[in-house]
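In: here is my input; please provide its structure:
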Amino acid sequence: MPSPFPGMNPYLEHESVFHGFHQNLIVEIQRALVPMIRPAYIADTDVSVYIHELSGAERLLGRPDVFVADAGRSAKVRSGAGPGQSSVSPVASAFPTAVDVVEVPFVKILDRESRHVVTVIEVLSPTNKLKSDDRAAYIAKRNQIRRSEVHFIEIDLLRAGEPMPLVDQPKADYRVVLSRQEERPKVVVWPVQLRDPLPPIPVPLRSPDPDVSIDLAEVVNRVYDLTGYADYVYDLPVQPPLNDADREWAAELVQSVA
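Out: Predicted coordinates for the structure are as follows:
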């Protein structure tokens, strides 16, 4: 069953949900592109890497990815240990890391023969929209693409945080930006409100090949269905909170599929 919302489902913006939704959406965008662009082009995924310096406490205590073997299984007493022999077996561990590495995926379209990147599609993550080193790094990447011959699509499905810089920024809950390399610095922006359907997105390729199109609403609904979000996201509060009118509207939609 598709999402009851005509556009972006605001329950998917919850901090415990959006990370997984973001990754699944990237994969579904790639899959949607493949049959439309083959065999001349390749749709692939890549990652932007953000490295965070850890605090003193985090360095001291370590991170969850530090591996420590189960002492209950590994620290066994050796039977028949003689006098002077240790009965304690070693276990595997590691020093806490000084940095935390975060990988954020994106989609890229490549020319099959040259392997040159033709188009990059980014879906913004929460870290892109907060005032942080990650935002600065993303904007630097954005500016680098703007100076290249690569087409660029930016999909913002988060109401929270600060929108990416644009001249004459449209007021909207969500945004899709298309930057064709031959039309820069001009871009096309789809300002999408909470109650609006998500738009189909033209995806430019190399001239003279025509655009292909991604049905963003269909892709989001496919992720919603395949991941089973309907089973649990409506137990969570909407982040950020909706105004009174939108909260009542959202509650009616959720109730209709309960």
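
In: phi first, then psi, for the closest residue to Val223 other than its chain neighbours.
Out: Distances taken as CB to CB, 6 or more residues apart in numbering place Asn24 nearest to Val223, at 4.7 Å, with adjacent residues excluded. In short, each C-beta sits where N, CA and C put it, glycine included. In terms of degrees, to the nearest 10, the main-chain angles of Asn24 are phi -70, psi -40.

In: beyond the helix or strand bottoming out on mean pLDDT in the chain, next helix or strand please.
Out: Lowest mean confidence among the helices and strands of the chain (mean pLDDT, DSSP states H and E): helix 71-74, at a mean of 41. Later in the chain than helix 71-74, the nearest helix or strand by DSSP states H and E is strand 99-111.

In: contact partners of that following strand?
Out: 22-23, 26, 29-30, 33, 37, 40-54, 58, 63, 116-123, 125, 127-128, 134, 203, 205-206 (CB atoms under 8 Å, 6 or more residues apart in numbering).

In: now which of those would you call buried?
Out: Among those, those classed as buried by 16 or more other CB atoms under 10 Å are 22-23, 26, 29-30, 33, 37, 41-43, 48, 50, 54, 58, 117-123, 125, 127-128, 134, 203, 205.

In: so which of the residues you listed belong to helices?
Out: When DSSP state H is applied, these are split such that His22, Gln23, Ile26, Ile29, Gln30, Leu33, Ile37, Glu58, Asp134 fall in helices.

In: gap between the residue nearest to the last one when sequence neighbours are not counted and Asp231?
Out: This means Asp134. In space, and not counting its chain neighbours, Asp134 is closest to Thr127: 4.2 Å by CB to CB, 6+ apart. Thr127 sits 27 Å away from Asp231, taking CB to CB, to the nearest Å as the criterion.

In: for stretch 177-196, the distance to its chain's centre please.
Out: Relative to the centre of its chain, stretch 177-196 is centred 19 Å away, using CA atoms, centre = their mean, to the nearest Å.

In: actually, stretch 133-142.
Out: Centroid separation for stretch 133-142 versus its chain: 15 Å, with CA atoms, centre = their mean.

In: do the same with stretch 208-221
Out: Chain-centre distance of stretch 208-221: 18 Å, with CA atoms, centre = their mean.

In: nothing else from me, thank you.
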